[in-house]
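Chemist: here's a sequence, model it:
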Amino acid sequence: MEKFFLFFLMFLSASQVFCLETSTNATADFPKIKPTGFAKARYTVDTTAGAKDGFTIAQTRFGLKGDISKDVIFSFSLEGTNTDENNNKAICDAYIDIKSIPYFAARIGQFKYKFSLENITPDQDLELINKSAVANNLISPTRDIGAEISKNFSVKSVEANCSVAVVNGSGSNCADENDYKSIVGRIIFTPLKGFNVGGSVYDGKIGADAVTKDRTGFEAKYELKKLLCKTEYIFGKDGAVKKEGYYATVGYTVNPSVVMLARYDVWDPSLKTIGAKDNRWSVGVNYFLDKNVLLRNNYEQKMESPSVKNDLIMSELQVKF
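Modeler: Predicted coordinates for the structure are as follows:
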């Protein structure tokens, strides 16, 4: 941890140098580099047996983003508090975007692959504090090393976006564990303004034994003025074990500072096991103190098998830049 904070201090110093050089160079448009990041402080009350209430630093991330040229962009970030075993290394994102390739945009490096609406939503822009159970359990790790191409196009006046990625399948900061590569594809259509619908697929093999890892997801999102509605269904197969889950979220913007939210999500870790399904209600009130300062307040009631209720109350203050 001491090495991480030492590196972080060096990183901040370097970012100031980058900003100074960029701002004082009046004759060149590139590079354009700026520091980015966010931090979340949280207080939790958990009724789960053995759980402890208290304050935590839920998440911190610091990075640099920049336009190296008109067609080349880079992103680099460090994650300071991630407890996910599959994504707990310091380096979070480290990739290069190239926009000048004919017909496509390309990305290479370590990045969040495009599978699922909730997965591709930046952590700092999530409506509720916790992701849905199906996203947490079936989209892990969320980042990998590889290459991706994407394309915006239209089909009979319907706007669409398609992406295909080839990744190691081993997760962030990890070498490939076998001779196979994982293929991730996503296509989204926008038939109406504010309405997106589509799906994602993940086809891969993980571990030294090359165990099958397949995912199929369907998603829809509709935004109309103050109203937000979104839903997803994801099916997964790890070896011989089949899993599935879904969620539906509704949000309403009361005024520019206050957003009301509700979500119902279901997670079944084994379709062959009777009584393994969990379901959860989540309600939230988000209060924006500023466009970059957000206070999230959530209440969750989780019904775990066999018929055990657990309540969770959380308040989280987030700042981003």
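
Chemist: tell me, how many residues neighbour V155?
Modeler: 9 (other Cβ atoms under 10 Å). C-beta coordinates here come from the backbone N, C-alpha and C atoms, glycine included.

Chemist: sorry, slip of the keys, the one I care about is D53.
Modeler: Residues near D53, counting by other Cβ under 10 Å: 10.

Chemist: cool, A106 as well?
Modeler: For A106, the neighbour count with other Cβ under 10 Å is 14.

Chemist: quick one: the helices in the stretch 51-200 of the chain?
Modeler: With DSSP state H, counting those that start in this stretch as the criterion, the stretch 51-200 of the chain has helices at 117-120, 133-138.

Chemist: how about those in TSV, adding mean pLDDT, distance to D93 and mean neighbour count?
Modeler: What follows is these, written out as TSV (pLDDT from 0 to 100; distance: least, Cβ to Cβ, whole Å; neighbours: other Cβ atoms under 10 Å):
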stretch	mean pLDDT	distance to D93	mean neighbour count
helix 117-120	96	13	21
helix 133-138	96	19	22
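
Chemist: in JSON lines, list the ones you listed along with distance to V258.
Modeler: Output for the helices of the stretch 51-200 of the chain, formatted as JSON lines (distance: least, Cβ to Cβ, whole Å):
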{"stretch": "helix 117-120", "distance to V258": "22"}
{"stretch": "helix 133-138", "distance to V258": "25"}
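
Chemist: spatially nearest residue to K205, not counting backbone neighbours?
Modeler: Nearest non-adjacent residue to K205, counting by Cβ to Cβ, 6 or more residues apart in numbering: Y180, 4.2 Å away.

Chemist: can you pull out the strands in the stretch 151-300 of the chain?
Modeler: Using DSSP state E, counting those that start in this stretch, the strands of the stretch 151-300 of the chain run over 158-167, 182-192, 195-206, 211-224, 227-238, 241-255, 258-268, 278-290, 293-304.

Chemist: residue ranges with poor pLDDT in this structure?
Modeler: 1-28, 82-89, 305-307 (pLDDT under 70).

Chemist: ok, the most centrally placed residue in it to S69 distance?
Modeler: When Cα atoms, centre = their mean is applied to the chain, the residue found nearest the centroid is N119 (3.8 Å). Using Cβ to Cβ, to the nearest Å, N119 is found at 29 Å from S69.

Chemist: for E79, list each beta-bridge partner.
Modeler: Residues in a beta bridge with E79, per DSSP bridges, are R61.

Chemist: just give the number of residues close to the nearest residue to P191 once chain neighbours are set aside.
Modeler: Distances taken as Cβ to Cβ, 6+ apart place V158 nearest to P191, at 5.1 Å, with adjacent residues excluded. By other Cβ under 10 Å, the residues close to V158 number 11.

Chemist: V158 contacts K193, doesn't it?
Modeler: No - with contact defined as Cβ atoms under 8 Å, V158 does not count as touching K193 (11.5 Å).

Chemist: strands along the stretch 1-150 of the chain, start to end?
Modeler: Using DSSP E, counting those that start in this stretch, strands in the stretch 1-150 of the chain cover 32-46, 54-67, 72-79, 91-98, 105-112, 143-155.
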